[in-house]
Each structure stands twice: as structure tokens, then as C-alpha cells.
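Undergrad: Here is my input, please return the structure:
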Amino acid sequence: MVSLSRAQGLVEELCETTITGWVELEEMRSALVAEEACRQEGRQQLEALICAAKVVYNREVAKIEQEHSTLDVERVEDIAARRR
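TA: Predicted coordinates:
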């Protein structure tokens with residue numbers, strides 16, 4: 001049979017181990033929260049860059065379409081001028 005003092009020692013050891021475990025879990029939780037915050041910030045930065053890239057892309061596409069339209073008009077005018 002386990003003596004009372006030995007049982008108390010085991011209970012104290014179990015309490016210390018439990019407290020240490022809780023502290024380690026809290027540290028991991030805090031690290032995960034900080035990591036998630038960094039991920040969110042990175043995601044927001046990427047979304048902003050994507051938005052800016054889309055704006056630039058759309059502007060460039062519009063310029064190219066305008067140039068194609070201008071070239072098409074000039075081509076039609078050249079063909080018409082040759083037929084005259």
C-alpha cells in the first residue's frame with residue numbers, strides 16, 4: 001500500500017506536470033495565434049497586390065483594344081483609298 005506521504009508526493013508531481021503541460025499548451029496557442037495573424041496580414045497584402053495587378057492588366061488590355069480598333073479603322077480606310 002502506498003504511504004500517505006508518497007501519495008501526496010505523487011499528487012504534487014501530477015499537479016506540477018499538469019501545470020507545465022498547461023503552460024506549454026498556452027505557449028503553443030499563443031504562437032499559433034501570432035502565426036495566424038501573420039498569415040492574415042500576408043493574405044491581405046497579396047489581395048491588395050492582386051487587385052492592383054488586375055487594374056494594371058485591365059488598363060493595358062483597354063489600351064491594346066483601342067490600338068487594335070484604331071488599326072482596324074486605318075486598315076479599312078487604306079483599303080477604301082486603294083479602291084478609289
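Undergrad: Any idea how far stretch 12-28 is from the middle of the chain?
TA: Put simply, stretch 12-28 sits 33 Å off its chain's centre (C-alpha atoms, centre = their mean, to the nearest Å).
Undergrad: just stretch 8-21 next, same as before
TA: Chain-centre distance of stretch 8-21: 41 Å, with C-alpha atoms, centre = their mean.
Undergrad: and if you look at stretch 41-53?
TA: The answer for stretch 41-53 is 8 Å, by C-alpha atoms, centre = their mean.
Undergrad: Give the rounded mean pLDDT of it.
TA: Averaging pLDDT along stretch 41-53 gives 98.
Undergrad: In it, which residues are buried?
TA: The neighbour-count check on stretch 41-53 (16 or more other C-beta atoms under 10 Å) flags nothing as buried. (Each C-beta comes from the backbone N, C-alpha and C, glycine too.)
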